[in-house]
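Visitor: what follows is a protein structure lacking sequence information:
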């Protein structure tokens, strides 16, 4: 029996190593497949719910595709052009922001701290920005220019864009079937354990990726609408920036309120506007804590903020854009495995001469270090 278990263990390790090596070799062409898999994973619960309501799997997938198509069409036709205009406007205002810090903020800090330390000369930065901001132009125009420089690049972009919906459709249609087939491929004696680990990994991914992405989108919308009502010209750009930064708890609030405060003050030149910016982000923070996170994420286990930052940076460093796409799913799976290894270590002879049972007032797995208590 031990020899069979050892053989299975080595077989699974070889399979994992081979798949990882293939991912490394095929990284340049995997982006559309990974994006399609991510979209299929995120929308599978919606398709399952439509099936429960009586629709066939194909009909459910078509309905999901209509919703996705409408969302992305709206983003391309309305959001991206407006975002490009605001990026251009932001580039024009950066020299003014530098002047504000150089002539007002830093001198006030020097006076308050009682020091004559020199901050430095910002003239070079202003010259570079003033000489190059016009080259940025509209984001869609610049993207088109960079792509059309090479016919091969054009073909690659078109192929990737066409592959993503095709891959998403087929993966979403056959998602449940593929998961069942993978389960049947596993050795029977370890299938329950692997299923348990996969279920816990899915809970982590569901809590963080599905839930947190919706929280980020909702917060970005709330911040953008609030800043627009206040009258800030860069409302969409600043709202999206704050929403994206919300992948780490409180970072979206900090980044958003600082950037929005600077932009609003540069536009209105009135300190009262900072109060309104604070009200917008205060409302957003209250909605996140009392409504969005409890509703969309709940009390399920999430990734620690430091683990999120490290996973994204490590994935990008090791595998580029593909690494960024798979960083959080891989980190979630690794976290689940580490938690079980930690529990096994605490119960083994390596930790002590006798097996250590967890105290009655502690959960079976020590989750206090990984539960996102901010939520």
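Guide: Arrived safely. On a predicted model such as this, the values are computed, not experimentally measured, just so you know.
Visitor: buried ones in stretch 243-260, by neighbour count?
Guide: 243-249, 251-253, 255-257, 259-260 (16 or more other CB atoms under 10 Å). The C-beta positions use only the backbone N, C-alpha and C, and glycine is treated the same way.
Visitor: so which bits of stretch 159-177 are buried?
Guide: Those would be 163-165, 167-169, 171-173, 175, for stretch 159-177 by 16+ other CB under 10 Å.
Visitor: for it, what is the distance to the chain centroid?
Guide: Centre-to-centre, stretch 159-177 and its host chain are 21 Å apart (CA atoms, centre = their mean, to the nearest Å).
Visitor: same check on stretch 220-235?
Guide: That offset, for stretch 220-235, works out to 22 Å (CA atoms, centre = their mean).
Visitor: name the residues that touch that stretch?
Guide: For stretch 220-235, the surrounding residues in contact (CB atoms under 8 Å, 6 or more residues apart in numbering) are 86, 89-90, 236, 238-240, 242-244, 246, 256, 260, 263-264, 267-268, 273, 276-277, 279-281, 283-284, 287.
Visitor: now, these that are in strands?
Guide: Using DSSP state E, no member of these falls in strands.
Visitor: show the average pLDDT along the helix or strand harbouring residue 307.
Guide: Take DSSP states H and E as the rule and residue 307 turns out to sit in helix 305-347. Across helix 305-347, pLDDT averages out at 79.
Visitor: in terms of secondary structure, what does it contact?
Guide: helix 2-25, helix 27-52, helix 191-205 (3 or more CB pairs under 8 Å, 6 or more residues apart in numbering; DSSP states H and E).
Visitor: tell me which helix or strand comes right after the last one.
Guide: When you say that, I think you mean helix 191-205. Helix 191-205 is succeeded, C-terminally, by helix 211-230 (DSSP H and E).
Visitor: tilt between that next one and helix 27-52?
Guide: 90 degrees (axes from the mean of the first three to the mean of the last three CA atoms, to 10 degrees).
Visitor: buried subset of the contacts of stretch 220-235, written for PyMOL?
Guide: The following PyMOL line selects those of those that are buried, judged by 16+ other CB under 10 Å:
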select buried, resi 86+90+236+238+239+240+242+243+244+246+256+260+263+264+267+273+276+277+280+281+284
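Visitor: out of the contacts of stretch 220-235, which are inside helices?
Guide: If you go by DSSP state H, the contacts of stretch 220-235 have 86, 89-90, 236, 238-240, 242-244, 256, 260, 263-264, 267-268, 273, 276-277, 279-281, 283-284, 287 in helices.
Visitor: got CSV for the buried residues of stretch 159-177, with pLDDT too?
Guide: CSV is the format used below for the buried residues of stretch 159-177 (pLDDT from 0 to 100):
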residue, pLDDT
163, 87
164, 87
165, 88
167, 89
168, 89
169, 90
171, 90
172, 90
173, 90
175, 88
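Visitor: show me where pLDDT drops low in the stretch 51-200 of the chain?
Guide: 110, 114-154, 156 (pLDDT under 70).
Visitor: can you pull the contacts of the residue nearest to the spatial centre of the chain?
Guide: The C-alpha lying nearest the average C-alpha coordinate of the chain belongs to residue 247 (CA atoms, centre = their mean; 5.7 Å). Going by CB under 8 Å, 6+ apart, residue 247 touches 212, 216, 308.
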